[in-house]
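K.L.:
Fold the following for me, if possible:
(chains A and B)
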Number of protein chains: 2
Amino acid sequence: MEYIIGMDGGGTKTTYAISCADQVSILGEPLEGAGTNPQIVGFQQMAERITLKLEELLQIHQIEKHQITAICGGFAGAGRSDDAEKARQALESKLLANGYHKYVSALIRSDLQIALKGAIPPEREQGMLIISGTGSNAAGLLRNGTMVKSGGWGHLLGDEGSGYAIAAAGLKAVVKAYDKRGPETTLSQLMLQTLGFEKETQLVTYMYQEQRDKSEIATLARLVSEAAENGDEVAAAIIRDAARDLADHVKSLHLQAGEYDAQTIVTTTGSVFKHMTQLRTAFIKELDERQLGIWTQAHGTPVEGALIEAAESVSLEKRR
Amino acid sequence: MEYIIGMDGGGTKTTYAISCADQVSILGEPLEGAGTNPQIVGFQQMAERITLKLEELLQIHQIEKHQITAICGGFAGAGRSDDAEKARQALESKLLANGYHKYVSALIRSDLQIALKGAIPPEREQGMLIISGTGSNAAGLLRNGTMVKSGGWGHLLGDEGSGYAIAAAGLKAVVKAYDKRGPETTLSQLMLQTLGFEKETQLVTYMYQEQRDKSEIATLARLVSEAAENGDEVAAAIIRDAARDLADHVKSLHLQAGEYDAQTIVTTTGSVFKHMTQLRTAFIKELDERQLGIWTQAHGTPVEGALIEAAESVSLEKRR
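P.N.:
The predicted structure is shown next:
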């Protein structure tokens, strides 16, 4: 029996999964390990952490190293081709030294590539994935297997429609209302109460504290969603704008790809799409009205995307 | 002859000026010294730097300490009343120890208060000052001598219409055009050329560099202004939005004060108003169309505002 391995490598966590080579289906539970972003831990450390964790994975499933035919991982911090090549070299020499077959290639992808690959149903040749969590970005899979991208510029240059952007817009609305530069909003009380503040001026200390994490601020987005659902017009406008901004990513992928139409599937992932019903509904409505595609639940996880890539490389190998 | 002293104390620089007590008119050139923001240098250090510099000022003009009847300073970092009180105590005891009359009170104001006081022509009882440099904020002087404020929330919560906000909007337009999420704009070439970059993705490294100063980014606002003047529609929209945002501050002061009308004078200061003709014109047009006031060149500088405050305290003292 031949097996393949998929990895989803982030900055703080890496997920490992194993599957039979001829049909992708994760065996047992995926295994979790430390972060493997090569920009953070370095390329050697990345390769070491991976090979060590693979020992554990193989042991659990009682699979021998020579049964592994392909290994594919998507890594945050391996998006640039020279970084991907460095990661591949580091990982392959480590695998070889650890007794894997010399023909086992380590396929290095970006975190976005495997997320996209996992999200698109396998029977489809093309489709899109729109991500909105703390930040926002989007990727489209083309028929020829390549990818187009939009967004991912971070909170100062972009991230429109993201949790951070929604939270920041909510906080801005609060200070505008305080200044009487904007309409009154229930967000004022909601934000202050949640943060344990008595007055708006305390938001300055909160927002500019050096250790303040963007993802912490992004959690306040749920208050905007809550206020919108309770009829607050200021909050509702922020949610509508965010949905439009996210649909703009879909439009961007259309323009870049030139092969999508109103029937192309659009999948979504991330906490914003997951938890904000009103935003998701508005987003789907935008897709419909602007004929940008058909919303579909994402098919699988990024680690499944890595497994699919691994499986495809094996079948490609066999066809040669 | 009796004299008064005015000070404009910032984080990196403090300006000192001396005038006769009965009519405010700066004698000679104002003197410059180190920063005196008490939040940065501490209250004792602030008092020491000031008294040392005053020795120099008096020596230049050959004025004796006993001829000084009032000292007033506006300080960044002394906006809160408890901080102002601490600054007053530190400065007064230092002055007393250095041979000034015991009745010389040290009047502590915020940097905004003296800027406002200096900007409004002395024959007027009321008026507004709108500031747009790296950040933006506004203040209004009421007939009873008190002040209303708007803005000053920093680049993550506000600063609408500021140099930073204009520059950031310009950079966002560039990455949107790159993504095909927004229209093409001449800003792309202008920004890249000025920063010495070959492609838009390099803007990420630029924008998120830890040591990157907000004021450095704000200088890119002039490119947006330049593009707007050359007919770029994306840039022109950014300038129009900024002018409207700044006029919103005026509207806010109206709502807070309740005593302004279409004839109230609105003064402006800061690099954005100074260097961007199109923005200033659009701002004045907004004031006119929304009946928010009459634009007037700011009368004097912040240090003159401090001198006026000092002079008023003397005449008030005499009337008692």
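K.L.:
Tell me how far A:Gly161 lies from A:Gly151.
P.N.:
Per Cβ to Cβ, to the nearest Å, A:Gly161 is found 8 Å from A:Gly151. Any C-beta I mention is one placed from the backbone N, CA and C, and that applies to glycine too.
K.L.:
Residues that sit against both of these two, list them.
P.N.:
A:Ser136, A:His249 (Cβ atoms under 8 Å, 6 or more residues apart in numbering or on different chains).
K.L.:
and the helix or strand containing A:Leu279, does that touch chain B?
P.N.:
Secondary structure from DSSP states H and E places A:Leu279 in helix A:277-289. No. Using Cβ under 8 Å from any Cβ of the partner chain, helix A:277-289 never reaches chain B; the gap is at least 13.5 Å.
K.L.:
Need the residues that contact the helix or strand that that helix is followed by.
P.N.:
Sequence order places strand A:294-295 as the next helix or strand after helix A:277-289, per DSSP H and E. Outside strand A:294-295, the residues that touch it by Cβ under 8 Å, 6+ apart are A:Ala262, A:Gln263, A:Thr264, A:Ile265, A:Val266, A:Thr267, A:Thr268, A:Phe283, A:Ile284, A:Leu287.
K.L.:
beta partners of the fourth one?
P.N.:
Spelled out, it's A:Ile265. A:Ile294 (DSSP bridges).
K.L.:
Can you get me a residue count around the nearest residue to A:Phe283 once chain neighbours are set aside?
P.N.:
In space, A:Phe283 comes closest to A:Ala243 once its chain neighbours are excluded; the distance is 4.4 Å by Cβ to Cβ, 6 or more residues apart in numbering or on different chains. Residues within reach of A:Ala243, counting by other Cβ atoms under 10 Å in any protein chain shown, total 24.
K.L.:
Any buried residues in the strand or helix carrying A:Ala243, and which?
P.N.:
Element membership of A:Ala243, judged by DSSP H and E, is helix A:233-257. Within helix A:233-257, the residues that count as buried by 16 or more other Cβ atoms under 10 Å in any protein chain shown are A:234-236, A:238-254, A:256-257.
K.L.:
I'd like the mean pLDDT over that helix, please.
P.N.:
Mean pLDDT, helix A:233-257: 97.
K.L.:
Repeat that for stretch A:120-132.
P.N.:
Mean predicted confidence for stretch A:120-132 is 93.
K.L.:
same question, stretch A:206-222
P.N.:
90.
K.L.:
Straight-line length of it, end to end?
P.N.:
18 Å (Cα to Cα, to the nearest Å).
K.L.:
Show me what counts as buried in it.
P.N.:
Buried residues in stretch A:206-222 (16+ other Cβ under 10 Å): A:Tyr206, A:Met207, A:Lys214, A:Ile217, A:Ala218, A:Leu220, A:Ala221, A:Arg222.
K.L.:
Quick check, the last one in contact with A:Gln278.
P.N.:
No. A:Arg222 sits out of contact with A:Gln278 when judged by Cβ atoms under 8 Å, with a separation of 11.5 Å.
K.L.:
Tell me, how many residues neighbour A:Gly154?
P.N.:
18.
K.L.:
what do you get for A:Thr194?
P.N.:
13.
K.L.:
State the pLDDT value of it.
P.N.:
pLDDT at A:Thr194 comes out at 96.
K.L.:
Apart from its neighbours in sequence, what residue is nearest it?
P.N.:
In space, A:Thr194 is closest to A:Leu223, 6.1 Å off (Cβ to Cβ, 6+ apart).
K.L.:
and that neighbour, what does it touch?
P.N.:
So A:Leu223 contacts A:Ala167, A:Gly170, A:Leu187, A:Leu190, A:Met191, A:Thr194 (Cβ under 8 Å, 6+ apart).
K.L.:
follow-up on the earlier one: what about the helix holding A:Ala243, distance to the chain center?
P.N.:
Relative to its parent chain, helix A:233-257 has a centroid offset of 17 Å by Cα atoms, centre = their mean, to the nearest Å.
K.L.:
Between helix A:277-289 and that helix, find me the angle.
P.N.:
Using axes from the mean of the first three to the mean of the last three Cα atoms, to 10 degrees, the direction of helix A:233-257 lies 40 degrees away from that of helix A:277-289.
K.L.:
and helix A:233-257, what other elements does it pack with?
P.N.:
strand A:127-132, strand A:136-141, strand A:147-151, helix A:163-179, helix A:221-229, helix A:277-289 (3 or more Cβ pairs under 8 Å, 6 or more residues apart in numbering or on different chains; DSSP states H and E).
K.L.:
any idea which of these is most buried?
P.N.:
Comparing the helices and strands packed on helix A:233-257 by mean neighbour count (mean count of other Cβ atoms under 10 Å in any protein chain shown), strand A:127-132 ranks first with a mean of 29.
K.L.:
In its sheet, which strands sit next to that one, and in what direction?
P.N.:
strand A:136-141 (antiparallel), strand A:265-269 (parallel).
K.L.:
Okay, strands next: where are they in the stretch 1-150 of chain A?
P.N.:
A:3-9, A:14-20, A:31-33, A:68-75, A:106-110, A:127-132, A:136-141, A:147-151 (DSSP state E, counting those that start in this stretch).
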